[in-house]
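Novice: for reference, the sequence and a predicted model appear below.
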Protein chains: 2
Amino acid sequence: MPLIEPRTLKGFRDYLPEAQIPREWLVDTARRVYRSYGFLPIDTPALEYEEILAGKGGEESDKQMYRFEDHGGRRVALRFDLTVPLARFVAQHQHELGLPFKRYHVASVWRGENTQRGRYREFMQCDFDTIGTESIASDVEMVLVVHDLMRAIGIEGFTIRVNNRKVLVGLLEAQGIETGVTPILRALDKHDKIGLEGVRRELVQAAGLTPDQAQAVTSPLLVERADEATQRAPRAELDRLEQSCPLSPTGLRGLTELRALLGGVEAAGVDPRRVRLDLSIARGLDYYTGTILETSLDELRGIGSVCSGGRYDDLANLYTKERLPGIGASLGLDRLLAGLDELGRLPRTRATAPVFVPYFDEARLHDYLAFCAALRCAGLGVELYPEPRKLKAQLQYADRRGFACAIVIGSDEWAAGTCQVKDLKQQESASVARVDATGALSRELLERLRRLSGS
Amino acid sequence: MPLIEPRTLKGFRDYLPEAQIPREWLVDTARRVYRSYGFLPIDTPALEYEEILAGKGGEESDKQMYRFEDHGGRRVALRFDLTVPLARFVAQHQHELGLPFKRYHVASVWRGENTQRGRYREFMQCDFDTIGTESIASDVEMVLVVHDLMRAIGIEGFTIRVNNRKVLVGLLEAQGIETGVTPILRALDKHDKIGLEGVRRELVQAAGLTPDQAQAVTSPLLVERADEATQRAPRAELDRLEQSCPLSPTGLRGLTELRALLGGVEAAGVDPRRVRLDLSIARGLDYYTGTILETSLDELRGIGSVCSGGRYDDLANLYTKERLPGIGASLGLDRLLAGLDELGRLPRTRATAPVFVPYFDEARLHDYLAFCAALRCAGLGVELYPEPRKLKAQLQYADRRGFACAIVIGSDEWAAGTCQVKDLKQQESASVARVDATGALSRELLERLRRLSGS
């Protein structure tokens, strides 16, 4: 039979242990932060009826969606985010769940994106959302969670940019623009990539505004990157906007919400330099209706937002007549990992068990097995090499794998009740008693191993 | 716009928090056990080229596989297990990985199964496998990991049934049966469901044996359920088989492996009553070549195996010319959860943060936010209710959600620097100082909360 070439699909990737160990650590960290605010875990299917997902994220999402027909002839699709399935989930189970409902969800999503620029077609999201309240307290909480999350990951240089869709909509409404809002928001959202002039060009060419309208819409919002260092304090910026630009009542409501948001975040003790008002952010997805948020790493602005979200008060309306406003954000796990890796900030652990035991006295397999079982009973993770190969080769394996220490027991040690404990980082070795008078593992051995394994 | 009915696909399900909290706990437990043996985490894509997956698990898997054409016209499929993708993964990355390679993988798989009997089309697997060694030490380790896993989950009444495909093949070879082995193994595997007579019937009708052959093949292997209590010790059973039945050299090798496996497991200190030789188990998947294993809950035999696996020394041959023998097992997470739930053995935590803070002095939002932030800094998870509703309604919410305690602060308490700490389980309440002279949270408050939250 001819060989099948072992390969992954274009736009998909494998995670080898050196990538997956920090990925698991990041998921654990996010879960711990979400739990510290009372968010509860849920899970939903990867596959949904196509009609549940289609048309919810916008044209782009629709185009990228993986869709097909299942065995029963149903039109199905793989989820492209965790927010649309959440809206479906809450509409379906609202009476069991009770409101407000706060959930987190860690799962993969799929988008048949252009694979340029290191983007993948499968990526993991870690979302948290609050459903069932329009209170500004949950907008504040969203920012606090993102703030705590970045710090828990060990990042101190980050900026959370906030804005409010109502301000954008209010500015357009005051210009008499009430339809065709989506391409305008999409153009604004490209500010980071194409600059102020690029946004104006796109507003005219793609969104159909007149050059005057493009000028009127962008000038209050967009500050050129060079000015950022001298950016006004957020509240002064909001005052300036209110005084100098025509805004519809919706727009004024947006300003009020932004003021309350910034005040609440500051009251909770967040360093104000970490939360910045940025009237140019718009977010690509269609469903946002209020507060929106992006998070960038100060040392790596170029990779884009690593944690984004916002308020979407109407999304569940597609599935239920009950009002189910929602707000939340999504940690872009794989993008953040790539960023942390670039900055050299990922924990460098490669081994999951600290202790390595070479198996080289061939006849003693049963003794090695019993010894390793005793170590595990004492709470120490231990890997026993599976084959009686030469000691040197086994120690090279241990070194490559990044174990903290090795316990070498040959026929002399078996006879003497001792073992060699090798500190693999310091390249030191000591002979210690393996067992005490009762046959239990010696205290000297356990203490040394706990010290070496940092547990 | 008409409403879209919020529903999940047939055979798929949502996990509400009361189901997902124990599910996360079970995954964490499995990861901890796998790590204690040095297994490393990996991840692979949900979607693979169809040719990678097709024909690897057998006819049944092929029929159940979700397949379609992606945006680029590629034939793709959703993985139906984690073992076939592992074989592809190791063949593709073997030189980066180094051998032996021990990995675990927690991820969803999809099978368009008949949805009778509470089986779902999407389920999560927690697999661990060792690639690159044929040593019996890794067969022993597989049994030890399953044993430790069951105990870490809190199950004491479980039985690990082991067998070896070589014994089955050797028995058939001695009867002159060298082709058409798969339907024979599949028939044997149904012993639990259809009994000895059912297996014999199926061997004749579906696998094409003569009634004499069916008799010869089954009688050494299958013991009627009633005899199980009086089953011989495993080693006596193997001796009986060797003496009374014709076996090919392959079969004799299988017996030797089984003896070494049972000896190793016993040497590692496993209670021999928990590991039982069962010559009737065969496993449905095609790729096994040696040791095979199933795990049942003694109190719930009916739900089938909750952790299964075996040795598959030839699987990677499809993708590479290098020899990459493998062995491992898979925890059927969702099946086990259903079983634990039925037995009332799931942890009953419903809240992820222990402390609830009602928000009912409306003007004090900023103070509530600062207070909750201080509690989180002290390491206590706390949920702040998002809206200034009536206290009674908020406390009912807290009760329904299962919080350990609530901290009530109204205008009197804000003025006096105190708070009411309510033990929600015991329905007791106490007034304590909120802050000390320096403005920090009082030691009395923190101690009380730590006691109530069990941290």
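Specialist: That came through fine.
Novice: for the closest residue to chain B within the stretch 201-350 of chain A, what are its contacts?
Specialist: Nearest residue of the stretch 201-350 of chain A to chain B, counting by Cβ to the nearest Cβ: A:Ala267, 3.4 Å away. The way it works is simple: take the backbone N, C-alpha and C, and place the C-beta from them, glycine included. Residues near A:Ala267 by Cβ atoms under 8 Å, 6 or more residues apart in numbering or on different chains: B:365-367, B:369-370.
Novice: now it, what are its backbone angles?
Specialist: A:Ala267 has phi and psi values of phi -60, psi -30 when expressed as degrees, to the nearest 10.
Novice: about what we covered before: by neighbour count, which of the contacts of A:Ala267 wins?
Specialist: The most crowded member of the contacts of A:Ala267 is B:Leu369, carrying 25 neighbours; neighbours defined as other Cβ atoms under 10 Å in any protein chain shown.
Novice: can you count the residues close to the closest residue to that one other than its chain neighbours?
Specialist: Excluding the flanking residues, the one nearest B:Leu369 by Cβ to Cβ, 6 or more residues apart in numbering or on different chains is A:Ala268, at 4.1 Å. Counted with other Cβ under 10 Å, residues neighbouring A:Ala268 total 24.
Novice: how much space between the residue of the stretch 201-350 of chain A closest to chain B and A:Leu188?
Specialist: Using Cβ to Cβ, to the nearest Å, A:Ala267 is found at 30 Å from A:Leu188.
Novice: do the same with A:Arg401
Specialist: Noted for A:Arg401: a distance of 49 Å to A:Leu188, by Cβ to Cβ.
Novice: over to A:Gln64?
Specialist: Counting by Cβ to Cβ, the gap from A:Gln64 to A:Leu188 is 21 Å.
Novice: what does A:Gly11 give?
Specialist: Between A:Gly11 and A:Leu188 the computed distance is 28 Å (Cβ to Cβ).
Novice: low-confidence ranges in the stretch 51-200 of chain A?
Specialist: In the prediction, the stretch 51-200 of chain A carries residues with pLDDT under 70 at positions A:116-118.
Novice: what residue in it comes nearest to chain B?
Specialist: Nearest residue of the stretch 51-200 of chain A to chain B (Cβ to the nearest Cβ) works out as A:Phe68 at 3.4 Å.
Novice: is the residue of the stretch 351-455 of chain A found nearest chain B bridged to anything, and to what?
Specialist: Residue of the stretch 351-455 of chain A nearest chain B, by Cβ to the nearest Cβ: A:Glu383 (2.8 Å). Counting by DSSP bridges, A:Glu383 is bridged to A:Phe356.
Novice: tell me how many other residues crowd it.
Specialist: Applying other Cβ under 10 Å, we find 28 residues neighbouring A:Glu383.
Novice: hang on, it packs against A:Tyr359?
Specialist: No: counting by Cβ atoms under 8 Å, A:Glu383 stays clear of A:Tyr359, with 10.3 Å between them.
Novice: skipping adjacent residues, who's closest to A:Ser308 in space?
Specialist: Leaving aside its sequence neighbours, A:Ser308 sits nearest to A:Glu294 (Cβ to Cβ, 6+ apart; 5.0 Å).
Novice: what about stretch A:146-159, near chain B?
Specialist: Yes: judged by Cβ under 8 Å from any Cβ of the partner chain, stretch A:146-159 and chain B are in contact via A:Asp148.
Novice: export that stretch to PDB, keeping only CA atoms.
Specialist: The C-alpha trace of stretch A:146-159 is given here as PDB (Å, rounded to 0.1, in the frame of the first residue of the first chain):
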ATOM      1  CA  VAL A 146      -9.500  41.700  31.000                       C
ATOM      2  CA  HIS A 147      -7.200  43.800  33.300                       C
ATOM      3  CA  ASP A 148      -6.800  41.000  35.900                       C
ATOM      4  CA  LEU A 149      -6.300  38.500  33.100                       C
ATOM      5  CA  MET A 150      -3.400  40.300  31.500                       C
ATOM      6  CA  ARG A 151      -1.800  40.700  34.900                       C
ATOM      7  CA  ALA A 152      -2.400  37.100  35.900                       C
ATOM      8  CA  ILE A 153      -0.600  36.100  32.600                       C
ATOM      9  CA  GLY A 154       2.300  38.200  33.800                       C
ATOM     10  CA  ILE A 155       1.900  41.100  31.300                       C
ATOM     11  CA  GLU A 156       2.400  44.500  32.800                       C
ATOM     12  CA  GLY A 157       2.700  46.500  29.600                       C
ATOM     13  CA  PHE A 158      -0.800  46.400  28.000                       C
ATOM     14  CA  THR A 159      -3.400  48.900  27.000                       C
END
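Novice: check which element follows the strand or helix carrying A:Gln396 along the chain.
Specialist: Using DSSP states H and E, A:Gln396 falls within helix A:391-401. The element immediately downstream of helix A:391-401 (helix or strand, assigned by DSSP H and E) is strand A:405-408.
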